[in-house]
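Colleague: could you work out the structure for the sequence below:
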Amino acid sequence: MTYFFLQCLAAGSTIMQREIESAALRPLARALIGSLDSLRNMLKDQCLKNINNYSDKVKSALKHFDVISSEFELSYVSAMVPVKTALDYDTQQDVIILFCETVDRAVKEKLLTQEMIDDYDAALMFTLPRLVIVCGLVIFPDGPLNVDVPASKMSELFRPYRNVLRKIR
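Modeller: Here you go, the predicted structure:
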């Protein structure tokens, strides 16, 4: 973040079409400016002293600035775009595992060959997602395509198709 952006936000400017988010970020922007100003003054004083040895006060101010700037960045990014949670990443990883297990099973069952995978066979690229859906519903019913769990626990990828998945099952 630039210092100018922080000053504008702290002074009352809003991020385009994000008035509520701007109001929520304003106190953090003010705290970040205050921390940065304090740190700047401490570092100026430090430069006049021993530049090879930082006092505990300077180290503490650097840590405080790091915490506040990280908080502000996370809040800012969260206001602009959806931020994935640990659960979102776990669910995404479950879908990846489902794809891998499906491909592994299909190779063992001789439904496809390693050569088809290595050559990015066009037919395979269209067929594989469908095969994964069937496999996820029938062979791994407790996996990421489990339509019996609440929608919030399903992968975002499949959530809009929950009713269709129930019909397929």
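
Colleague: what about the nearest residue to residue 84 once chain neighbours are set aside, distance to residue 27?
Modeller: Closest residue in space to residue 84, ignoring its immediate chain neighbours: residue 92 at 7.8 Å, by C-beta to C-beta, 6 or more residues apart in numbering. (Each C-beta comes from the backbone N, C-alpha and C, glycine too.) Distance from residue 92 to residue 27, counting by C-beta to C-beta, to the nearest Å: 33 Å.

Colleague: more crowded one of these two?
Modeller: More crowded of residue 92 and residue 27, by other C-beta atoms under 10 Å: residue 92, with 15 against 11.

Colleague: wait, the more buried one sits on residue 155?
Modeller: Yes - with contact defined as C-beta atoms under 8 Å, residue 92 counts as touching residue 155 (6.7 Å).

Colleague: need the residues that contact the helix or strand of the chain with the lowest mean pLDDT.
Modeller: The helix or strand of the chain with the poorest confidence is helix 3-11; it has a mean of 78 (mean pLDDT, DSSP states H and E). By C-beta atoms under 8 Å, 6 or more residues apart in numbering, the residues outside helix 3-11 that reach it are 15, 22, 25, 26, 29, 30, 32, 33, 36, 72.

Colleague: any buried residues in it, and which?
Modeller: 6, 9, 10 (16 or more other C-beta atoms under 10 Å).

Colleague: tell me the contacts of residue 113?
Modeller: By C-beta under 8 Å, 6+ apart, residue 113 lies in contact with residue 107.

Colleague: tell me, how many residues neighbour the closest residue to residue 12 other than its chain neighbours?
Modeller: Sequence neighbours aside, residue 26 is the residue nearest to residue 12 in space, at 7.6 Å (criterion: C-beta to C-beta, 6+ apart). By other C-beta under 10 Å, 16 other residues sit near residue 26.

Colleague: just how off-centre is the longest helix seen in the chain within its chain?
Modeller: Across the chain, the longest stretch assigned as helix under DSSP state H is helix 19-48. On the basis of C-alpha atoms, centre = their mean, to the nearest Å, helix 19-48 sits 26 Å off its chain's mean C-alpha point.

Colleague: report the angle between that helix and helix 3-11.
Modeller: Going by axes from the mean of the first three to the mean of the last three C-alpha atoms, to 10 degrees, helix 19-48 is angled at 130 degrees with respect to helix 3-11.

Colleague: list the buried ones in stretch 147-165?
Modeller: Residues 147, 154, 155, 158, 165 are the ones in stretch 147-165 that count as buried (16+ other C-beta under 10 Å).
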